[in-house]
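[1] sequence-free structure coming up:
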């Protein structure tokens, strides 16, 4: 159903914009970035899944009442939409924004040309 799919997209976008990463960082820490990222993506997916399943459709029923298997399959659809929004459409989650901020200064420093300073005295050389 088009309405069901639209709900998943809307709630996936909402998850990307609203789900905080602070609680996950406090709970998991920084020691394993893969576990941290997996848990964050799970939070995004769970948020979109829960909101979709709780929503009442246009005919007055929840999606679980209207579509068979939706209680089991929505999380997989929500995960796919969250990842598509991030990777194909460029919509950044809170964690993506943080990672971009952390990586930006490193990229800038790595690409900046070194300035030569003629006043520097090198070992064995006088200028």
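    All right, it came through fine. Just so you know, these numbers come straight off a predicted model, no measurement behind them.
[2] Break down this structure into its helices, ranges please.
    Ranges of helices within the chain are 2-18, 22-28, 33-54, 63-66, 70-87, 94-111, based on DSSP state H.
[3] Show me how far the third one is from its chain's centre.
    What separates the centre of helix 33-54 from the centre of its chain is 9 Å, taken as CA atoms, centre = their mean, to the nearest Å.
[4] Mind listing residues that contact it?
    Under the criterion CB atoms under 8 Å, 6 or more residues apart in numbering, residues 4, 7-8, 11-12, 14-16, 18-19, 21, 24-25, 27-30, 62-64, 70-71, 74-75, 78-79, 81-83, 93, 95 lie in contact with helix 33-54. (C-beta placed from N, C-alpha, C; glycine too.)
[5] ok, for the most centrally placed residue in the chain, nearest residue in space, not its chain neighbours?
    Central residue check for the chain by CA atoms, centre = their mean: the C-alpha nearest the mean position is that of residue 93, 3.6 Å away. Ranked by CB to CB, 6 or more residues apart in numbering and with sequence neighbours excluded, the top spatial neighbour of residue 93 is residue 16, at 4.5 Å.
[6] Sounds good, over and out.
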